[in-house]
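S.K.: here are the coordinates; sequence isn't available:
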């Protein structure tokens, strides 16, 4: 599971890139008609721990934040997933890093385990 830097679309305009670059958790990659599409979870620094901790992946551990290439604690909204085409309009280099690769971090095993538990519990609750 990787972290990419993405112009994540607004909910009301899912066919166009968003205006603000943000981290996104890469959940799956598929090829369709010789193009790559990436399933991403929206990343935000607005944690909303009291309301969203059971539903979303919240990364707060200092070491995990660093390994994942994040600059601050981040909540990945698992209710806000989108398949995005792998292209420059959506995926960009992280700020301050000269690279063509928008992937800049990787989720450690503990975070991956936490995500699997959250997804399993969401499924059980029908969310």
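M.R.: Received, thanks. All of these numbers come straight from a predicted model, not from anything done at the bench.

S.K.: so what's the residue of the chain positioned farthest from its centre up against?
M.R.: What lies farthest from the middle of the chain is residue 33; by CA atoms, centre = their mean that is 24.0 Å. By CB atoms under 8 Å, 6 or more residues apart in numbering, residue 33 lies in contact with nothing. All C-beta atoms are positioned from the backbone trio N, CA, C, and that covers glycine.

S.K.: distance of it from residue 75?
M.R.: Distance of residue 33 to residue 75, given as CB to CB, to the nearest Å: 33 Å.

S.K.: where does residue 122 fall, phi/psi-wise?
M.R.: Note on residue 122: its backbone torsions stand at phi -60, psi -40 [degrees, to the nearest 10].

S.K.: How much space separates it from residue 101?
M.R.: Computed as CB to CB, the residue 122 to residue 101 distance reads 30 Å.

S.K.: all helices in the protein, in order from the N-terminus.
M.R.: For the chain, the helices defined by DSSP state H cover 49-52, 62-67, 109-125.

S.K.: could you dump those helices to a markdown table with mean neighbour count, distance to residue 20 and mean pLDDT?
M.R.: Output for these, formatted as a markdown table (neighbours: other CB atoms under 10 Å; distance: least, CB to CB, whole Å; pLDDT from 0 to 100):
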| stretch | mean neighbour count | distance to residue 20 | mean pLDDT |
| --- | --- | --- | --- |
| helix 49-52 | 11 | 20 | 87 |
| helix 62-67 | 14 | 20 | 94 |
| helix 109-125 | 13 | 24 | 93 |
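
S.K.: Turn these into TSV, columns for distance to residue 83.
M.R.: Listed next are the helices of the chain as TSV, based on distance: least, CB to CB, whole Å:
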stretch	distance to residue 83
helix 49-52	22
helix 62-67	26
helix 109-125	17
